[in-house]
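>>> Kindly generate the corresponding structure for this input.
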Amino acid sequence: MKTYVVRLADGETVEVSVKPEGDDLILSYDDVVHRLDLRRLPGAMMHMLVDGRSSYDAVVEWAGDDNDPFDGRVNVLVRDQVYALDVLDHRRVRMRDAVGSDDETSVGSVHAPMPGKVLRFLVEPGDRVVAGQGLVVVEAMKMENELTAAGDGQIEALHADVGSNVEKGALLVSVNALGDV
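Got it, this is the predicted structure:
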């Protein structure tokens with residue numbers, strides 16, 4: 001079973017568990033449980049049979065990684081309604097929450113989400129970046145984690161050395177809004 005934190009477009013957050021069972025997925029959240037039979041159709045189309053009764057065709061566009069396509073931003077079109085979701089496992093929630101704003105000119109100073117080692121920076125001071133662009137790669141718990149920009153801006157400073165060990169919460173990269181540089 002895998003658990004995700006789903007952030008809806010309105011900011012509401014729901015914890016959802018997904019468990020494969022045969023060809024189906026058992027989806028549970030709050031006190032609700034559904035059995036989903038998902039079938040991929042050509043392109044980004046999917047057919048969903050929910051609890052053996054309700055049938056839906058959906059267009060699903062996601063920006064997750066190849067190993068876990070449900071881990072990231074997902075747009076789902078069902079019956080002429082688009083649902084914008086952010087579906088993250090708990091590790092990625094901690095990483096995203098580590099990206100914070102220090103003041104009104106900052107669009108995403110990046111802090112270490114947990115103790116780790118700085119493997120490489122993907123930017124240099126003065127570089128312009130866009131939201132979602134990789135800034136620094138940190139190894140934590142034997143995994144490489146790419147930390148990204150929260151918004152468009154310009155790199156103000158790098159606050160660690162490649163190869164250095166950092167504590168949880170350590171400031172790694174400062175990013176200023178483009179209008180403030």
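>>> need the helices for the protein, in chain order.
Counting by DSSP state H, the chain has helices at residues 90-97.
>>> pLDDT below threshold where in it?
9-11, 62-71, 94-108, 141, 179-181 (pLDDT under 70).
>>> How is it divided into domains?
Here the domain parsing of the chain from automatic domain parsing is 2-90, 98-180.
>>> what's the spacing between the shortest one and its chain's center?
What it means is domain 98-180. Average the C-alpha atoms of domain 98-180, do the same for its chain, and the two points are 15 Å apart (Cα atoms, centre = their mean, to the nearest Å).
>>> residues in contact with the closest residue to Arg79 other than its chain neighbours?
Ranked by Cβ to Cβ, 6 or more residues apart in numbering and with sequence neighbours excluded, the top spatial neighbour of Arg79 is Tyr56, at 7.2 Å. (Glycine included, C-beta is placed from N, CA and C.) Counting by Cβ atoms under 8 Å, 6 or more residues apart in numbering, Tyr56 touches His47, Met48, Val50, Val78, Arg79.
>>> Closest one to Glu21 out of those residues, please.
Nearest to Glu21, judged by Cβ to Cβ, of the contacts of Tyr56 is Val50 at 14.3 Å.
>>> who's the residue most central in space within the chain bridged to?
Compute the mean C-alpha point of the chain, and by Cα atoms, centre = their mean the closest residue is Gly72, 4.1 Å away. The bridge-partner assignment for Gly72, based on DSSP bridges, gives Val87.
>>> From Glu21, how far off is the residue located most distally from the centre of the chain?
For the chain, the residue at maximal distance from the C-alpha centroid (Cα atoms, centre = their mean) is Arg53, at 31.7 Å. Distance check for Arg53 against Glu21: by Cβ to Cβ, to the nearest Å, it reads 17 Å.
>>> Also Arg39?
Distance from Arg39 to Glu21, counting by Cβ to Cβ: 16 Å.
>>> Ala44 too?
Using Cβ to Cβ, we find Ala44 at a distance of 25 Å from Glu21.
>>> The two: who's more crowded?
When Ala44 and Glu21 are compared for neighbours, Ala44 comes out ahead with 14 against 10, by other Cβ atoms under 10 Å.
>>> Tell me, how many residues neighbour Glu124?
By other Cβ under 10 Å, the burial measure for Glu124, its neighbour count, is 8.
>>> I would like the residues contacting stretch 163-173, please.
Counting contacts by Cβ under 8 Å, 6+ apart, the residues outside stretch 163-173 that touch it are 98, 109-118, 121, 123, 135-136, 138, 147, 155, 157-160.
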